[in-house]
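Asker: Pasted the sequence and its predicted model underneath.
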Amino acid sequence: MRLILIIDDEADIREVAALSLEATAGWETITASSGPDGIRAAADPKRRPHAILMDVMMPGMDGPTAFRLLQQNPEISGIPVLLLTAKVQGVDQRRFAGLGVAGVLFKPFDPLTLAAQISQALGWKD
Amino acid sequence: MTSSPTIFFGLLIVTLCLVGVLALRLASRGRKQQRAIEELSSALKHSRDYAEQQKTKLAVRSDLDTLKDEFISTVSHELRTPLTSIRGALGILSAGLLGNVDPKAQNLLRIASSNTERLIRLINDILDLERMESGLAPLNLRRCSIFDLAREAVDSMTGMAEAAEVRLALTSHASRDAIYFDADSDRILQVLTNLLSNAIKFSPPDSVVSVEIDAHADSLLLKVMDHGRGIPADKLESIFDRFQQVEAADASKRGGTGLGLAICRSIMQQHGGAIWAERNQGGPGTTLWVQFTRSVRTSDNVAQTGAPSIERVGGATAVLDGEPGSRGVGRLIA
């Protein structure tokens, strides 16, 4: 059973993404509404996520900053992070690719294929 | 008899006169040169002022472009965020992931879903067009084969053609070494799939949409011909403008955004090529032409060496049976 941490400041998007992953792939999800909350959730040793799906533009701490902080903690730096963004321009894509994240997915995502896109980006076969 | 002092004074006067005349002429030349220098300085000053003005204008324009780009990027982002929730919620409901839905409700969900998809396409197209027209989408040029690109486009549109019961046929009249040109393959594929999508949308069932390639000394031509209802003569030009459709209801009935051909024209202009529409001779339907400039390269002979003469493409057969340098015929029926 996969456990995915979804970090997004939009409650509706957290709910739709969680429902989509649960209903199409049977994965479990935990959600967080900000970068700092997400980092705390990822660091919980009792529920360590297999992957993190994180929004880019969030008030306070943005996705790239949260990603850098995650990388500084050796206990959770190995968790693959996928950015989920509504920024689709080439210049943004190149910037995100240069961060070292496991992948970049775009909004609006297709709820029926979101799990498959995550699996493909992370090379998961199950 | 004249005395020598008289001669001396006479010569002195003549010499003084000559010196005077010379001095006057020099002074006049000096004034002319002075005027010329003044004129040149004035012209130089004007040029400098003009250059300065242009520089300021350019800076203002560049600032405006940046503002416009930021605005479009922000609007696009702000629209995508609520659309993500809408698309997600509708997708989950209409797929029945949360249980079966009453058929009437299912139909409403389908309507909401398809219009959400249309809105997403519209936002993508507006962003795409703005980026191209403001020069923010530079071309990634490489050597491409027009036949391979056309085949890829036909392959990707086969599903849509089958659903509409339309056949796609690809033919090349160009010799095998004459199909290469410099282009951004993703952008050209975008043009070709757009033309095919339009042709299929307006084709009656059981008709053929044919794609033909031909090469001339300095140009490559590709045409997409359908046998649909055709385009009135007075609209053959305006269909390439934004939101200009032949019939007002086309966008809603056929799921287009009204920006497809404007994007195609923008891509072709970026490539230094051309795109135009013609009414079919002696029958209904339309032919869309695209034309690229072709420059011959010796490596093109090497590039296609070993290319198979017959290939299977998405259940259809592609035949390209010309030898290098000869006039060949390629055909793909999907």
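Answerer: Sure thing, it's come through. Values in this document were obtained by computation on a predicted structure and should not be read as measured data. Numbering: from 1, shown residues only, chains lettered A, B, ... in the order given.
Asker: And for residue 26, the neighbour number?
Answerer: This is for chain A. When neighbours are counted by other CB atoms under 10 Å in any protein chain shown, A:G26 registers 10. Glycine gets a C-beta too; all of them are placed from N, C-alpha and C.
Asker: should've been chain B
Answerer: B:L26 has 10 nearby residues by other CB under 10 Å.
Asker: anything in the helix or strand where it lies near chain A?
Answerer: For B:L26, the host element (DSSP states H and E) is helix B:4-94. Yes: residues of helix B:4-94 are located near chain A by CB under 8 Å from any CB of the partner chain, namely B:73, B:76-77, B:80-89, B:91-92.
Asker: after that helix, next one along is what?
Answerer: Next helix or strand after helix B:4-94 toward the C-terminus (DSSP H and E): helix B:103-133.
Asker: by contact count, what packs against that next one?
Answerer: helix B:4-94, helix B:260-270 (3 or more CB pairs under 8 Å, 6 or more residues apart in numbering or on different chains; DSSP states H and E).
Asker: hmm, back to that, could you give the average pLDDT over the helix holding B:L26?
Answerer: For helix B:4-94, the mean pLDDT works out to 88.
Asker: Remind me what that helix packs against, helices and strands.
Answerer: helix A:11-25, helix B:103-133.
Asker: now these in CSV, with distance to B:R187 and mean neighbour count?
Answerer: Converted to CSV, those look like this (distance: least, CB to CB, whole Å; neighbours: other CB atoms under 10 Å in any protein chain shown):
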stretch, distance to B:R187, mean neighbour count
helix A:11-25, 31, 20
helix B:103-133, 9, 16
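Asker: For B:I37, find the nearest of those.
Answerer: Nearest to B:I37 among the helices and strands packed on helix B:4-94 is helix B:103-133 (46.7 Å), distances taken as CB to CB.
Asker: Got phi/psi on A:P111?
Answerer: phi -60, psi -20 (degrees, to the nearest 10).
Asker: confidence score at it?
Answerer: For A:P111, the pLDDT comes out at 95.
Asker: And for the residue in chain B positioned nearest to chain A, nearest residue in space, chain neighbours not counted?
Answerer: Residue nearest to chain A within chain B: B:G88 (3.2 Å; CB to the nearest CB). Nearest residue to B:G88 in three dimensions, chain neighbours excluded: A:V16, at 3.2 Å (CB to CB, 6 or more residues apart in numbering or on different chains).
Asker: and that neighbour, how far is that from B:T84?
Answerer: 7 Å (CB to CB, to the nearest Å).
Asker: B:R297 now?
Answerer: On the measure of CB to CB, B:R297 and B:T84 end up 46 Å apart.
Asker: out of these two, which sits in the more crowded spot?
Answerer: Neighbour tally, B:R297 and B:T84, criterion other CB under 10 Å: the higher count belongs to B:T84, 25 against 14.
Asker: Pretty sure that one sits against A:D110.
Answerer: No: contact status for B:T84 versus A:D110: not in contact, 10.2 Å apart, counting by CB atoms under 8 Å.
Asker: The stretch 201-334 of chain B: strands as residue ranges?
Answerer: B:208-215, B:219-225, B:274-279, B:286-293, B:310-313, B:316-320, B:330-333 (DSSP state E, counting those that start in this stretch).
Asker: Over to chain A?
Answerer: Ranges of strands in chain A, per DSSP state E, are A:3-7, A:28-32, A:51-55, A:81-85, A:103-106.
Asker: Please identify the pairing partners of the shortest one and their relative orientation?
Answerer: Put plainly, it is strand A:103-106. strand A:81-85 (parallel) (DSSP bridges).
Asker: The third one now?
Answerer: Based on DSSP bridges, the pairing partners of strand A:51-55 within the sheet are strand A:3-7 (parallel), strand A:81-85 (parallel).
Asker: Let's have those in CSV, adding mean pLDDT.
Answerer: Listed next are the strands paired with strand A:51-55 as CSV, based on pLDDT from 0 to 100:
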stretch, mean pLDDT
strand A:3-7, 98
strand A:81-85, 95
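Asker: quick one: which of these is nearest A:H50?
Answerer: When the strands paired with strand A:51-55 are compared by CB to CB, strand A:3-7 sits nearest A:H50, at 5.5 Å.
Asker: Just the buried residues of the closest one, please?
Answerer: A:4-7 (16 or more other CB atoms under 10 Å in any protein chain shown).
Asker: residue nearest the centroid of chain A?
Answerer: Closest residue to the average C-alpha location of chain A: A:L53 at 0.9 Å, with CA atoms, centre = their mean.
Asker: bridging residues for it?
Answerer: A:I6, A:L82.
Asker: mind checking how far it is from A:Q117?
Answerer: Taking CB to CB, one finds A:L53 at 10 Å from A:Q117.
Asker: what does B:R25 give?
Answerer: 90 Å.
Asker: go on, A:I52?
Answerer: For A:I52, the distance to A:Q117 equals 15 Å [CB to CB].
Asker: more neighbours, these two?
Answerer: Each of A:I52 and A:Q117 has its neighbours counted (other CB under 10 Å); A:I52 has more, 28 against 17.
Asker: pretty sure that one contacts A:G38?
Answerer: Yes: look at A:I52 against A:G38 with CB under 8 Å: they come within range, at 7.0 Å.
Asker: Please enumerate the shared neighbours of the two.
Answerer: Common contacts of A:I52 and A:G38 (CB atoms under 8 Å, 6 or more residues apart in numbering or on different chains): A:5, A:7.
Asker: looking at the chain, which helix or strand does the model trust least?
Answerer: Defaulting to chain A. The weakest-scoring helix or strand in chain A, judged by mean pLDDT, DSSP states H and E, is helix A:90-97 (a mean of 76).
Asker: ah, no, chain B please
Answerer: Lowest on mean pLDDT, DSSP H and E among the helices and strands of chain B sits strand B:310-313, with a mean of 36.
Asker: Having no further points to raise, I will conclude here.
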